[in-house]
Every structure is written in structure tokens, then in C-alpha cells.
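Asks: Turn this into a structure:
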Amino acid sequence: MNEFSGTKLLSEENTFSSEHFLNWAKDHLPNINPALPLEVSQFKGGQSNPTFLVKHNEASFVLRRKPPGKLLPSAHAIDREFKVIKALHQHHFPVAKPLEYCSDTSVIGSEFYLMSYLQGRVFWDPRLIELTPQDRKQVFDEMNSVIAQMHALNPVSIGLEDYGRFGGYVNRQIERWTKQYRSSETEKIPAMDNLIDWLPQHIPKNDSTRLVHGDFRLDNLIFDPIEPKVIGVLDWELSTLGNPLSDFAYHAMVWRLSPNLFRGLGGVDIQSLHIPNEAEYLTAYLKRTEQVLEHPKDWEFYIIFNMFRLAAILQGIMARAIQGNASSDSAVDAGKKAKPLAELAWEQVLKI
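Replies: Numbers count the residues shown, from 1 in each chain. From the prediction side, this is the model:
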């Protein structure tokens, strides 16, 4: 996955003044010397908020900013990302250490925040072919444990009681992503229209509320350089207070997606790889969180809903690519997957 790993030169739209940045940084960070050079490179991975590796005076840290250009309403919430990682870091959940948030758009051209640079491993392919069978098994168990740990946190006790609303999460999400999808349509996708009609009529009764990540997947985790242990959960842009089962279903959706569609495990011989199947993985999570699925159809709903949601996200990426302000060179390819993903979701509906 060299296309996603490592860094690249700054794109023209993301270039900013080192002088302006260092003049701001000297008042907010230790060991900043405006007379010394600033080295900035852009991480290849990610489609949403551009993320950069910044090196200065023998120190390295990560800068994450809002992308330039016209943006969808409520998207790219940099301030919310900083708030949640600050709360989680204080309660010993594996995230990068938050350093500073800047709302002054005159510094680099948009809002941004800084966090510590975690040196570790990022796995892009869930088949984990570079690992031993035992390490594969442990990586999946560790992912399961970390998302269960997050969903066990009480939002009130960690200072995030105002991070979202209690109850009604799935209904609001359907409304939100329907609006986001409509505002970024570049072609007619009949399956999306079908899902927009079907989803509101089949929402499960379960309405518990916990902190949800919104994009919890393998490549948003940094693992220890040697051990199969998560040292950092990345990309909190879509986090809020919401339904934990829905959040987990997004994570587990990888078993339904083919490797060609979205780096999934669909059609893969997971048994030979010593990777748990979807049912085993779900059972482990439910045991860890002491949650109960009232009906098997509820699980299918959450999977379908998350396919719809991801299709809407991918459509937004396509729209930004057409406008010329997407943060990744592969944005168009990602956007093209909105239609087949929506069609796959509708196929799941017809199987219920």
C-alpha cells in the first residue's frame, strides 16, 4: 500500500508560510526557534482533513488542518477532533497527545491543530499478509478490545457530555448523510434513493448513547512497532455521541466488502489466515461491552446503514475532487466507489 503510506511533497493548495507558522508557534509550543528551518511534508493517506508531518529543531509533530476551498456544511470539524483527543488522552485511551489548536485562519489559511507524532505501524490491508497467523489473530483481538474500551467510556465522566445529543443518533445520521449526499450528487444513483426511503422506516429500538468514532477501521490505528498493540487511534473528524452498535457495525463492515471495493475481507479465505469471521468478532465485542442485540435483523440494519453512510462520504470526496480541493490524489477513484457500495447495500436489504 505504498500509495497510502509515508509522506509526499506539499500540494500547492496546502502550502503555507513557514514564517507565519513559526511566529505563531513560538508563543504556543516549546523549543520553537523562528531562525531555524521548518520541514513540512504531507501524509499520503486520508481523504478528508489534510495531515502533515512537521519537523523543526530536532522535534517532530503532526499538523491537521481544514482543507482549503468550499466545504460541505458541518464537515471537517477540526475543533471537535482536538476536543475529543484531549479528553481521551486525559483518560489514558490510546490517542496522540494533543498539543495546540488554532482557530486563526491567517496563520496557515485554515483552522488546524497539532498533536504528537506517534512512531509505529499502520496496516492498510485487513488480510495482514505481512504478519504471522498468530499476530493476525492478536491484531484483530486488539482492535476489538480498543473499540469496546471506547464504547465502555461514560461520556459524562470524561467531560464529553456536550459532545453530541443523547438518543436519536441513527435517525439524525440518516438525515445528515442524506443532506450531505444530496448536496454533493454528481450523478443519479438509484440505490441511494432506495436506501434513503428504506432506512428511516427500519431503525432498531436500541438507542443507547456512547462516544462513537465514526470511522474506526484498521488503517486509522497506529500499532506499536513490535507488539500487536494499538498506541493511537486516528481521525476523529466524524466522532460524536451516538449508538455504539452502529459504530461497531461500521468497523465490522469490512467482512462484507471485497478487497477491490474498499480493502475488505469479502470473499477472502479468512480461516486460512487465522482471522475471525464476522459472527465471532461480533460475539467477542458484545461480550466485552455487555450489550445485547434484540434481533438479528438489527445487526443487518446497522451494516446497511453504514454502507449507505460510507457511500455518502465517498460521494462527498468525489464532489471535492471535481471542485479541486480533495486532500488525496486518489480522491476520484474513491469517489467512484459510492455507486457500487450503495448497490451492495441495497442488495443486503433485499436479502433480509
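
Asks: Report the contact partners of I322.
Replies: I322 makes contact with T186 under the criterion Cβ atoms under 8 Å, 6 or more residues apart in numbering. All C-beta spots, glycine's among them, are computed from the backbone N, C-alpha and C.

Asks: hang on, it in a strand?
Replies: No: when the secondary structure is assigned by DSSP: H, G, I helix; E, B strand; the rest coil, I322 falls in helix instead of a strand.

Asks: OK, contacts around the residue nearest the centre of the chain?
Replies: In the chain, the residue lying closest to the centroid (Cα atoms, centre = their mean) is D215, at 3.1 Å. When the contact criterion is Cβ under 8 Å, 6+ apart, the partners of D215 are 235, 237-238, 250.

Asks: Tell me how many other residues crowd E294.
Replies: 10 (other Cβ atoms under 10 Å).

Asks: Just the local confidence number for it, please.
Replies: E294 is assigned 87 on the pLDDT scale.

Asks: Assign a three-state SS to it, would you?
Replies: Local secondary structure at E294 is given as coil here, using three-state DSSP.

Asks: That one contacts N206, correct?
Replies: Yes: at 6.4 Å, E294 and N206 qualify as touching, with contact defined as Cβ atoms under 8 Å.

Asks: Measure how buried R80 is and give me the count.
Replies: R80, neighbours per other Cβ under 10 Å, totals 17.

Asks: what does Q271 give?
Replies: Neighbour count for Q271, taken as other Cβ under 10 Å: 9.

Asks: Which helix or which strand is home to it?
Replies: When elements are assigned from DSSP states H and E, Q271 belongs to helix 270-273.

Asks: Would you mind pulling the contact partners of that helix?
Replies: Under the contact criterion Cβ under 8 Å, 6+ apart, helix 270-273 has outside partners 127-129, 133, 136, 276-277.

Asks: repeat that with 10 Å
Replies: Surrounding helix 270-273, the residues in contact under the criterion Cβ atoms under 10 Å, 6 or more residues apart in numbering are 126-129, 131, 133, 136-137, 140, 255, 265, 276-278, 280.

Asks: Off-centre distance for it?
Replies: Distance of helix 270-273 from the chain centroid (Cα atoms, centre = their mean, to the nearest Å) equals 26 Å.

Asks: Only the buried residues of that helix, if you could.
Replies: Buried residues in helix 270-273, counted by 16 or more other Cβ atoms under 10 Å: 270, 273.

Asks: For it, what does the pLDDT average out to?
Replies: Regarding helix 270-273, the rounded mean pLDDT is 96.

Asks: What's the first helix or strand after it?
Replies: Toward the C-terminus from helix 270-273 - assigned by DSSP H and E - lies helix 278-289.

Asks: other SSEs contacting that following helix?
Replies: The elements that helix 278-289 packs onto, with contact taken as 3 or more Cβ pairs under 10 Å, 6 or more residues apart in numbering; DSSP states H and E, are helix 133-152, helix 244-252, helix 296-323.

Asks: Which parts of this structure are strands?
Replies: If DSSP state E is used as the criterion, the strands of the chain fall at 7-8, 39-43, 51-56, 59-65, 98-102, 112-116, 210-212, 221-223, 230-233, 240-242.

Asks: I'd like to know which of those strands lies nearest to V170.
Replies: Comparing the strands of the chain against V170 with Cβ to Cβ, the closest turns out to be strand 240-242 (7.7 Å).

Asks: Partner strands of that closest one and their direction?
Replies: Sheet pairing of strand 240-242 (DSSP bridges) gives strand 210-212 (antiparallel).

Asks: Contacts for the strand it pairs with, please.
Replies: Contact partners of strand 210-212, identified using Cβ under 10 Å, 6+ apart, comprise 84, 87-88, 93, 147, 150-155, 158, 160, 163-164, 166, 169, 173, 236, 238-248, 250, 289, 291.

Asks: mind running it again at 6 Å?
Replies: Counting by Cβ atoms under 6 Å, 6 or more residues apart in numbering, the neighbours of strand 210-212 from elsewhere in the structure are 151, 153, 155, 242, 244, 247.

Asks: Kindly report the same for stretch 226-239.
Replies: If you take Cβ under 6 Å, 6+ apart as the criterion, stretch 226-239 is touched by 48-49, 81, 84-85, 94-96, 118, 120, 135, 138-139, 142, 146, 213-215, 220-224.

Asks: and if we set it to 8 Å?
Replies: Surrounding stretch 226-239, the residues in contact under the criterion Cβ under 8 Å, 6+ apart are 46, 48-49, 75-78, 80-81, 84-85, 93-96, 118, 120, 131, 135, 138-139, 142-143, 146, 150, 163, 211-216, 220-224.

Asks: that older thread, so which of the contacts of helix 270-273 comes closest to Q42?
Replies: For the contacts of helix 270-273, the minimum distance to Q42 (Cβ to Cβ) is 24.8 Å, reached by P126.

Asks: doesn't L265 make contact with the closest one?
Replies: Yes: contact criterion Cβ under 8 Å: P126 and L265 qualify, at 5.5 Å.
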